[in-house]
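S.K.: need the 3D shape of this:
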Amino acid sequence: MPTAILFEPQNLTPYGPMTLLRSVGELRYGVYSNVERARRILTDMDLQMWVRPLLEADHIRKYPELAINQDSPEQCLFLNAGFPAWMYLPALAELAAVKSGVVVKEGCILAAKSNKPISFGQRFYKQLLNLEHIQCDHEDCNYHPHWIWDYLDLILPALEFDLELWKQDNNFLSRIPEETSTISERNIFIHNTAQLGRYVHLDSSQGPIIIDADCKISPFSSLEGPLYLGKRSTIKSGAALKNTVIGRICNIGGEVKSSIIHPFTNKSHDGFLGDSILGSWINLGASTNTSNLKNNYGEIRVSWDGNNFETKRQFLGSIIGDHSKTAIDVRLNTGTVIGPFSNVIHSDFPPRSIPAFSWGNGTHEFDKAMETARRVLKRRNLELEETQLDIFKALAKDHSAFLSY
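M.R.: Numbers count the residues shown, from 1 in each chain. Take a look at the predicted model:
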């Protein structure tokens, strides 16, 4: 059985706060994370992972069936976790006829094949780039996400790809409930255990709608595809969702458009969330609103890690790291980036770049942040693991250590 190593990109800065507490392969923009997606399509391979040493112990805990940060065998395949897994098979097909080589897209390694052992460490990326370069001409290889906000453009292709995998593992309704109004009913997939209230509207004319196990959709909600609602998530009455991915066990209300919300995050109240990416264990206070369009309709600039980045996007809301909270009536400007464990309590627009462990204009004390985290996890019958605590301590000390190997 061939070995394939799913590795993180060398530079993690473009992923902002979303990869400070998780590896790139754990990002979600469809039904599955990319690690889960890769495991479902590379069933004939021994899949392993290379992640930053700071994340190693926690990944060993979370993925006991995968080898983490072990040196490669003599014959090995390498796959960039930042690329969607549907690009892997065509890239590997290009490598099938050579003993060693690397498929590079726009300066980034997509896939590689080596006939010599490669050690895990800071130099592995350079070693792979020294291999013979091969071009992947398959249409699936054309688009490469360079920045965290690029994943917003992958919601539709991810859901279309993941849907076929999801249907293999799940039982779903053959008929939509009578009191549900629909447009393009053939593209709607509701798990047998999901609960739909009366007068829910489902429109899948622009992409599939997938409602996973034990979801609860309250009356008078409007759901427009492409859309995925993760297991045991609740959609509040009157909510309006469109072109969005919701992770498992989330409570969502108000208006959400073109956004990605990772598991265990709550936006329970009214307020607009648009073109945004939220991590896990976030709570948005009542009437928290994100601006996703500048008044002059110009392109949006983002500040992160002391640098300014031109997104070349007209629409972009907020990128919010794990365990962050907003107070009621908080207004977030276009392109706001918030680090993990931040409490945003400003009465006016807060800064557009908020570092990790912020409390208003001050610092969120580490012990108090951990106390809150333990309370939040306990509500979901979970505990803060020692491997997680070690990561949080390292982040509080110096977040820049998380941005590269």
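
S.K.: how's this protein carved up into domains?
M.R.: Taking automatic domain parsing as the reference, the chain has its domains at 3-146, 152-402.

S.K.: CA atoms only: put stretch 205-221 into CSV for me.
M.R.: Taking C-alpha atoms only, stretch 205-221 is exported to CSV below (Å, rounded to 0.1, in the frame of the first residue of the first chain):
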residue,chain,number,x,y,z
SER,A,205,-31.6,26.4,-7.7
GLN,A,206,-28.0,27.8,-7.2
GLY,A,207,-26.5,24.8,-5.5
PRO,A,208,-27.3,21.8,-3.3
ILE,A,209,-28.8,22.0,0.1
ILE,A,210,-27.6,19.3,2.6
ILE,A,211,-29.2,19.1,6.0
ASP,A,212,-27.3,16.6,8.1
ALA,A,213,-28.4,14.3,11.0
ASP,A,214,-30.4,15.6,13.9
CYS,A,215,-30.5,19.2,12.6
LYS,A,216,-33.5,21.3,13.8
ILE,A,217,-34.9,23.9,11.3
SER,A,218,-37.3,26.2,13.0
PRO,A,219,-40.4,27.6,11.3
PHE,A,220,-40.3,30.4,8.7
SER,A,221,-36.6,29.9,7.9
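
S.K.: list the buried residues in that stretch.
M.R.: For stretch 205-221, the neighbour count (16 or more other Cβ atoms under 10 Å) marks 206-218, 221 as buried. Just so you know, the C-beta spots here come from the backbone N, C-alpha and C atoms, and that holds for glycine as well.

S.K.: how about the domains of the chain in a markdown table, adding mean pLDDT?
M.R.: Shown next, in a markdown table, are the domains of the chain (pLDDT from 0 to 100):
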| stretch | mean pLDDT |
| --- | --- |
| domain 3-146 | 93 |
| domain 152-402 | 95 |
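
S.K.: so which elements touch the one helix or strand F309 maps to?
M.R.: Assignment of secondary structure by DSSP states H and E places F309 within strand 307-310. Applying 3 or more Cβ pairs under 8 Å, 6 or more residues apart in numbering; DSSP states H and E, we find strand 307-310 packed against strand 301-304.

S.K.: angles on the backbone of the residue nearest to P17 when sequence neighbours are not counted, please.
M.R.: Excluding its sequence neighbours, the residue lying closest to P17 (Cβ to Cβ, 6 or more residues apart in numbering) is G321, at 3.3 Å. Main-chain torsions, G321, degrees, to the nearest 10: phi -80, psi 170.

S.K.: G321 and A356 touch, don't they?
M.R.: Yes. Contact criterion Cβ atoms under 8 Å: G321 and A356 qualify, at 6.6 Å.

S.K.: can you pull the contacts of E185?
M.R.: E185 makes contact with I176, L202, S204, according to Cβ atoms under 8 Å, 6 or more residues apart in numbering.

S.K.: could I have the ChimeraX command that selects the buried members from these?
M.R.: In ChimeraX, this line selects whichever of the contacts of E185 come out buried by 16+ other Cβ under 10 Å:
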select :202,204
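
S.K.: just the contacts of E185: which are in strands?
M.R.: Secondary structure of the contacts of E185 is defined by DSSP state E; positions in strands are L202.

S.K.: ranges for the helices of the stretch 151-300 of the chain?
M.R.: Ranges of helices within the stretch 151-300 of the chain are 155-169, based on DSSP state H, counting those that start in this stretch.

S.K.: now for the residue lying closest to P177 once chain neighbours are set aside, how many residues are close by?
M.R.: Excluding the flanking residues, the one nearest P177 by Cβ to Cβ, 6+ apart is L196, at 5.4 Å. Using other Cβ atoms under 10 Å, L196 is surrounded by 22 other residues.

S.K.: N34: neighbouring residues, count only.
M.R.: Other residues near N34 come to 27 when the count uses other Cβ under 10 Å.

S.K.: list the contacts of it.
M.R.: Here N34 is in contact with L6, V24, G25, E26, L27, A81, P84, A85 (criterion: Cβ under 8 Å, 6+ apart).

S.K.: how about S259, what does it touch?
M.R.: So S259 contacts L152, N243, T244, V245, L273, G274, D275, S276, I277, L278, G317 (Cβ under 8 Å, 6+ apart).

S.K.: quick one: it from R380, how far?
M.R.: Shown here: S259 relative to R380, a distance of 22 Å by Cβ to Cβ, to the nearest Å.

S.K.: pick the one among the contacts of E185 closest to A158.
M.R.: S204 (15.5 Å; Cβ to Cβ).

S.K.: look up phi and psi at that closest one.
M.R.: Dihedral angles (degrees, to the nearest 10) for S204: phi -110, psi 20.

S.K.: L129 too?
M.R.: The phi/psi pair for L129 (degrees, to the nearest 10) reads phi -70, psi -20.

S.K.: that one: how many residues sit nearby?
M.R.: A count of nearby residues for L129, using other Cβ under 10 Å, gives 15.

S.K.: hmm, it is touching I109, no?
M.R.: Yes. Taking Cβ under 8 Å as the definition, L129 is a contact partner of I109 at 6.8 Å.
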